[in-house]
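**Q** Just need the structure, nothing else, for what follows:
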Amino acid sequence: MGNLDVFIEYQIHLFIDSIFLPFLLVLGVAGNILIIIVLLKPRNRDSSTARLLLALAISDILALVISVPYKWLDTTYSINIREFSELGCKIHLFISMHVGQVFTFSILAISVERFIFLMFPYKAKTICSLRNINLVILVIQPVSLIIGGHLFYGVRLSETGKCALIQELYKVGIWRAWQILNVVGALFVPFVIMAVTNTSIIVKLISGNCTWCKCLKTKEKQKGLAVKKRSSQITVTLMIVILTFLICVIPLGIYYIMFSGQQWQHEETHRDAVILLFWSVSSGLFHTNNAVNFLIYFLSGSKFRKELKYLCCNKQTKTTQAFIEERTPSAQTVESLVKYSK
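**A** Predicted structure coming up:
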């Protein structure tokens, strides 16, 4: 791609893939590990929301670990791990697609869960029980596998050693149809559902209509309003997560619709530099979404900040107590010293 070096779009593409994405990898993996530690605390294990956020954090880590090193090696050192073998080509491309779809459906599940808790408070605990949430998380896996399972047949190493689609007919027909189906099923349908549920949630929060608070006795209203406030804080935090997802993921869907299949056919022209830049920006935004959830929880979630502070301070307190106990003489030692001094 020697001729591409003269284009500013190509230079920006190199910066994103070789510097910005590795930064996101470190930030995202560290942040999501902290999220997992907090969510696995005993006080959070019985929460349906925590269970969904745990699945989201795991999918975030997988998306970063699987995709970012691949792009970094390819851009920086021209090492494409998909080109080592045909099996590697099929497996890596399929897993990359699968993890991205699981991430999308996890965000969708969180949006629907918040909608149910605000709109149907009496039935929410039954509908969103841990058993049902676990079932949803399990169902997401085969749905994603079905959507992308054809990649085991549809791609292989070409005569030039590139991980590419098998034939021209497949590129134009089945591949194109699958890309559109993938974007519609894994992006725009979730987008419509999230738009409807989040609009309803916003209206509910603004109106301040609390159905279950109306049924409480006077003495219980204060406690009920406190519960409502905590629920609203959680909902606002999760809505920020969902809106960030929509902003960061939609450009990737647009890329797949506009340039599907063209990423394999560069001829070192300005158009190719623009396509590469569009790809880097859209995938960079996608991985930014994988990395920033920790910052969103920390900045907008007071409960998460308290849990994180408790986690850090608790460890520090235990370390300090162990240090003091190690250097403080026991009662028997003090008693023997007193006797000896006499």
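
**Q** residue ranges with poor pLDDT in the stretch 101-250 of the chain?
**A** 167-176, 179, 183, 208-232 (pLDDT under 70).

**Q** How are the helices of the stretch 101-250 of the chain distributed by residue range?
**A** For the stretch 101-250 of the chain, applying DSSP state H, counting those that start in this stretch gives helices covering 124-127, 130-148, 151-154, 168-172, 174-183, 189-207, 211-214, 218-259.

**Q** how about TSV for those helices, with distance to residue 15 and mean neighbour count added?
**A** For the C-beta atoms, the positions are set from N, CA and C on the backbone; glycine is no exception. Shown next, in TSV, are these (distance: least, C-beta to C-beta, whole Å; neighbours: other C-beta atoms under 10 Å):
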stretch	distance to residue 15	mean neighbour count
helix 124-127	46	14
helix 130-148	30	15
helix 151-154	30	16
helix 168-172	30	13
helix 174-183	27	16
helix 189-207	29	15
helix 211-214	51	12
helix 218-259	17	16
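
**Q** For the ones you listed, give me CSV that also has distance to residue 117.
**A** Shown next, in CSV, are these (distance: least, C-beta to C-beta, whole Å):
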stretch, distance to residue 117
helix 124-127, 4
helix 130-148, 12
helix 151-154, 37
helix 168-172, 44
helix 174-183, 29
helix 189-207, 9
helix 211-214, 11
helix 218-259, 7
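
**Q** Now for the residue nearest the centre of the chain: which residues touch it?
**A** Nearest residue to the geometric centre of the chain (C-alpha atoms, centre = their mean): residue 60, 3.6 Å. If you count contacts by C-beta atoms under 8 Å, 6 or more residues apart in numbering, residue 60 has them with 28, 32, 103, 290-291, 293.

**Q** mind redoing it with 6 Å?
**A** Counting by C-beta atoms under 6 Å, 6 or more residues apart in numbering, residue 60 touches 32, 290.

**Q** Need the per-residue pLDDT for it.
**A** Residue 60 carries a pLDDT value of 95.

**Q** Select, out of the helices of the stretch 101-250 of the chain, the one closest to residue 285.
**A** Closest of the helices of the stretch 101-250 of the chain to residue 285 is helix 218-259, at 4.3 Å (criterion: C-beta to C-beta).

**Q** Now the element after the closest one, going C-ward?
**A** Tracing the chain past helix 218-259, the next element assigned as helix or strand by DSSP states H and E is helix 270-300.

**Q** which element is the residue nearest to the centre of the chain on?
**A** Using DSSP H and E, the element containing residue 60 is helix 48-77.

**Q** What residues of that helix count as buried?
**A** For helix 48-77, burial by neighbour count (16 or more other C-beta atoms under 10 Å) applies to 48-64, 67-68, 70-72, 74-75.

**Q** Of the helices of the stretch 101-250 of the chain, which is nearest residue 309?
**A** Between residue 309 and the helices of the stretch 101-250 of the chain, the shortest gap by C-beta to C-beta is with helix 218-259, which sits at 16.1 Å.

**Q** which SSE is the nearest residue in space to residue 151 that is not next to it in sequence in?
**A** With sequence-adjacent residues excluded and distances taken as C-beta to C-beta, 6 or more residues apart in numbering, residue 151 is closest to residue 94, at 4.4 Å. For residue 94, the element it lies in under DSSP H and E is helix 86-119.

**Q** helices or strands up against that helix?
**A** On a contact count with 3 or more C-beta pairs under 6 Å, 6 or more residues apart in numbering; DSSP states H and E, helix 86-119 meets helix 48-77, helix 124-127, helix 130-148, helix 151-154, strand 155-157, helix 189-207, helix 218-259.

**Q** and the angle from the third one to helix 48-77?
**A** Just to be clear, that refers to helix 130-148. 30 degrees (axes from the mean of the first three to the mean of the last three C-alpha atoms, to 10 degrees).

**Q** which other residues reach helix 130-148?
**A** With contact meaning C-beta under 6 Å, 6+ apart, helix 130-148 is reached by 48, 51, 55, 94, 97-98, 101-102, 105, 109.

**Q** Just give the closest residue to residue 97, not the sequence neighbours.
**A** If the residues on either side of it in the chain are set aside, residue 97 comes closest to residue 148, at 4.4 Å by C-beta to C-beta, 6+ apart.

**Q** From residue 32, how far out is the one you found?
**A** For residue 148, the distance to residue 32 (C-beta to C-beta, to the nearest Å) stands at 23 Å.
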